[in-house]
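Q: sequence unavailable; structure follows:
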């Protein structure tokens, strides 16, 4: 029997942790942690309960913070989290993913690192940056960032990453070789005849469906997509949504056809919720149809956005869904998105939301 | 690494910013080390508190953009030489938002 649920927040001013029991009605808040460093992604390993926070401080550079006591105490390390002398130094750590005992970190400028000692030391997964397309990778608005890491739970050698704005890349061999996997995704910012390139798409968020390892979803700068072949080809699933633009995507913890998105009004329209009314959009059929979920969400004068790593589900039944805004509010649903409550506000800009269910 | 056997190293006093001390439990604001350059002084700090070099220097390698190191009142670089008794002041520059 699960005893408590933690919602882990990365913010512009450190990590915060909200905690509740499995009923998820009342929440307590702790933080800020990590000396108020800007953190891009705070995650937990469900197997061990270890929490990590990836970030980069304007004074002290990139590091990954770690807590083995659910946030009570923290250490930090960046040993090995560096490119070779002479290369552009790493500005910030952007994304984290545990995988079969290892821990991956994505960084800016885009690259992938791996730790086999729970985040104490790191080694560069150099195959990705050795890819021949790398000199042509262009940064997106947040920089040239590796923001999504999707290790295959069933096959430790398979891994996908997403880079803004180089696109999705896949490695079948643990990171030695990589290939772009962007066929079918648009790049509206290129001349018309070049809008479906091999790489260079501005992918915003990449997630894997639970239970269907070859099913991936992505929120792109230019559309929402599903792949059923590990990213070799992508189909648009944006019909029925209020815009083709947004940042986060969150997969259901058990149902591979259920996905949550939070579309924004457009890349040149202010990047807040459409019509200034907040809504999460849910599909239960792999993106063929969508429903807007608004109960409990503000429907007047709402000008917040939600960043790419700031929406998550928990693994309870019914599943909890959470999103954090760039205005520092956290909204939660304990019924798969049907109804919502604001469970924290007045926080710093929220960059990431993840969950951890702790068993007795 | 700083080599205390090298004849060119000299005793200097390094003054650390409070924000940095907060990151390294057990560290102190004023540290006596033996070094002939700023680089060696930072190496000595890193030997005492592993990881401190990474907080002060990037991988080019260079002193981080928003870290200032002053030697005799002048902004210094990694290769700046140190005279005996020099006070090396490490400060966080204006930054943030």
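A: Ah, there it is. Source: prediction; values computed, not measured. Residues are numbered from 1 along each chain as shown, chains lettered A, B, ... in the order given.
Q: near chain A, which residues of chain B are found?
A: Residues of chain B that fall close to chain A, judged by CB under 8 Å from any CB of the partner chain: B:19-20, B:22-23, B:50-51, B:54-56, B:58-61, B:64, B:66-67, B:92-93, B:95-96. For the C-beta atoms, the positions are set from N, CA and C on the backbone; glycine is no exception.
Q: among those residues, which are located in strands?
A: B:58, B:67, B:92 (DSSP state E).
Q: for the residues you listed, pick the one with the most neighbours.
A: The member of those surrounded by the most neighbours (other CB atoms under 10 Å in any protein chain shown) is residue B:67, with 22 neighbours in all.
Q: could you turn the buried ones of the residues of chain B next to chain A into a PyMOL selection?
A: A single PyMOL command selects the buried members of the residues of chain B next to chain A (16 or more other CB atoms under 10 Å in any protein chain shown):
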select buried, chain B and resi 20+23+51+54+55+56+58+59+64+66+67+92
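Q: per-residue confidence at residue 5?
A: All of this refers to chain A. Per-residue pLDDT puts residue A:5 at 98.
Q: let's do chain B instead
A: 49.
Q: what does the one 10 residues further on give?
A: For residue B:15, the model assigns a pLDDT of 98.
Q: likewise residue B:95?
A: 74.
Q: could you do residue B:24 as well?
A: 97.
Q: spell out which parts of the stretch 1-150 of chain A neighbour chain B.
A: A:35, A:58-61, A:63, A:76-79, A:82-87, A:89-90.
Q: give me the buried entries from the residues you listed.
A: By 16+ other CB under 10 Å, the residues of the stretch 1-150 of chain A next to chain B give A:58-61, A:63, A:76-79, A:82-83, A:89-90 as buried.
Q: residue A:115 and residue A:51: what is the separation?
A: 14 Å (CB to CB, to the nearest Å).
Q: who's in contact with residue B:79?
A: B:37-39 (CB atoms under 8 Å, 6 or more residues apart in numbering or on different chains).
Q: dump the residues you listed into JSON lines; add pLDDT and neighbour count as well.
A: Listed next are those as JSON lines, based on pLDDT from 0 to 100; neighbours: other CB atoms under 10 Å in any protein chain shown:
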{"residue": "B:37", "pLDDT": "98", "neighbour count": "19"}
{"residue": "B:38", "pLDDT": "98", "neighbour count": "26"}
{"residue": "B:39", "pLDDT": "98", "neighbour count": "19"}
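Q: which of the ones in strands among the residues of chain B next to chain A lies closest to residue A:350?
A: Of all those, residue A:350 sits closest to residue B:92, with 25.3 Å by CB to CB.
Q: checking the residue nearest the centre of chain B next. Helix, strand or coil?
A: Central residue check for chain B by CA atoms, centre = their mean: the C-alpha nearest the mean position is that of residue B:42, 3.9 Å away. Per DSSP: H, G, I helix; E, B strand; the rest coil, the secondary structure class of residue B:42 is helix.
Q: cool, and the one 3 residues further on?
A: Of the three states, residue B:45 takes helix according to three-state DSSP.
Q: which non-adjacent residue is nearest it?
A: Nearest non-adjacent residue to residue B:45, counting by CB to CB, 6 or more residues apart in numbering or on different chains: residue B:52, 4.7 Å away.
Q: hmm, residue A:95 is touching residue A:150, no?
A: No - counting by CB atoms under 8 Å, residue A:95 stays clear of residue A:150, with 10.0 Å between them.
Q: got the contact list for residue B:87?
A: B:12-13, B:15, B:71-72.
Q: just to be sure, residue A:239 is in a helix?
A: No - according to three-state DSSP, residue A:239 belongs to no helix; its state is coil.
Q: for residue A:203, give its distance to residue A:354.
A: Distance from residue A:203 to residue A:354, by CB to CB: 19 Å.
Q: how about residue B:8?
A: Applying CB to CB to residue B:8 and residue A:354 gives a distance of 51 Å.
Q: do the same with residue B:12
A: Counting by CB to CB, the gap from residue B:12 to residue A:354 is 45 Å.
Q: what of residue A:53?
A: Where residue A:354 is concerned, residue A:53 sits at a distance of 10 Å (CB to CB).
Q: thinking again about what came up before, the residue nearest to the centre of chain B touches residue B:54, doesn't it?
A: No - between residue B:42 and residue B:54 there is no contact under CB under 8 Å: 10.1 Å.
Q: circling back: pick out whichever of residue B:8 and residue A:354 has more residues nearby.
A: residue A:354 (22 against 12).
Q: isn't the more buried one right next to residue A:43, touching?
A: Yes - using CB under 8 Å, residue A:354 is in contact with residue A:43, at 4.8 Å.
Q: one step back: make a markdown table out of the contacts of residue B:79 and add distance to residue A:166 and secondary structure.
A: Formatted as a markdown table, those follow (distance: CB to CB, whole Å; DSSP: H, G, I helix; E, B strand; the rest coil):
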| residue | distance to residue A:166 | secondary structure |
| --- | --- | --- |
| B:37 | 39 | strand |
| B:38 | 37 | helix |
| B:39 | 35 | helix |
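Q: how far away is residue B:34 from chain A?
A: 24 Å (CB to the nearest CB, to the nearest Å).
Q: for the residue lying closest to residue B:94 once chain neighbours are set aside, what are its contacts?
A: Closest residue to residue B:94 apart from its sequence neighbours, by CB to CB, 6+ apart: residue B:66 at 7.8 Å. With contact taken as CB under 8 Å, 6+ apart, residue B:66 is in contact with A:58-59, B:92-95.
Q: from the ones in strands among the residues of chain B next to chain A, pick the one nearest chain A.
A: residue B:58 (3.8 Å; CB to the nearest CB).
Q: remind me which residues of chain B are low pLDDT?
A: B:1-7, B:96-97 (pLDDT under 70).
Q: returning to that earlier point: what do residue A:354 and residue A:43 both touch?
A: residue A:8.
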